[in-house]
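Student: Sequence plus predicted model, see below.
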Amino acid sequence: QVQLVESGGGLVQAGGSLRLSCVVSGRTFSSITMGWFRQAPGQERDFVATINWNGAVTDYKDSVKGRFTISRDNAKNTVYLQMGNLKPEDTAVYFCATARLSFYYADIYNQKTYNYWGQGTQVTVSS
């Protein structure tokens, strides 16, 4: 059974930083693409960042480029999202997800490309 467990969320002031972690079990972590999504109240879940199996390829939502960094440690089955210069509009529940084994790269921003999800961790940024 595949499990993803996020941690690291919390309440932070605007301009602050947080690092989210996601530990994956039950799947060969080192061979899969990972993604982070977020869902604000009343909104759909939205792509944030993705990283390929060895960390060589990353991609980000435009509004977080230069502020967020996705990384992974395959020895620890963990993917991270380092978030800096946080803004109130970053407030959301953040989810990590594993991508399907086969997909078109153009679909990497689409949540349907991802087949296993964590339970989410709340990030709240106060102004």
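Tutor: The structure has been received and is ready for your questions.
Student: so who does the most centrally placed residue in the chain touch?
Tutor: Closest to where the C-alpha atoms of the chain average out (C-alpha atoms, centre = their mean) is residue 36, at 1.9 Å. Neighbour list for residue 36: 20, 22, 48-50, 70, 79, 81, 94-97 [criterion: C-beta atoms under 8 Å, 6 or more residues apart in numbering]. Any C-beta I mention is one placed from the backbone N, CA and C, and that applies to glycine too.
Student: Neighbour count, secondary structure and pLDDT added to these, as TSV?
Tutor: Shown next, in TSV, are the contacts of residue 36 (neighbours: other C-beta atoms under 10 Å; DSSP: H, G, I helix; E, B strand; the rest coil; pLDDT from 0 to 100):
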residue	neighbour count	secondary structure	pLDDT
20	25	strand	98
22	26	strand	98
48	25	strand	98
49	24	strand	98
50	24	strand	98
70	23	strand	98
79	30	strand	98
81	27	strand	98
94	24	strand	98
95	23	strand	98
96	30	strand	98
97	23	strand	98
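Student: So the closest residue to residue 63 other than its chain neighbours: helix, strand or coil?
Tutor: Setting aside the residues directly before and after it, residue 63 is nearest to residue 89 in space (C-beta to C-beta, 6 or more residues apart in numbering), at 7.7 Å. Classification of residue 89 by DSSP: H, G, I helix; E, B strand; the rest coil places it in helix.
Student: From residue 11, how far out is residue 89?
Tutor: Separation of residue 89 from residue 11 (C-beta to C-beta, to the nearest Å) stands at 15 Å.
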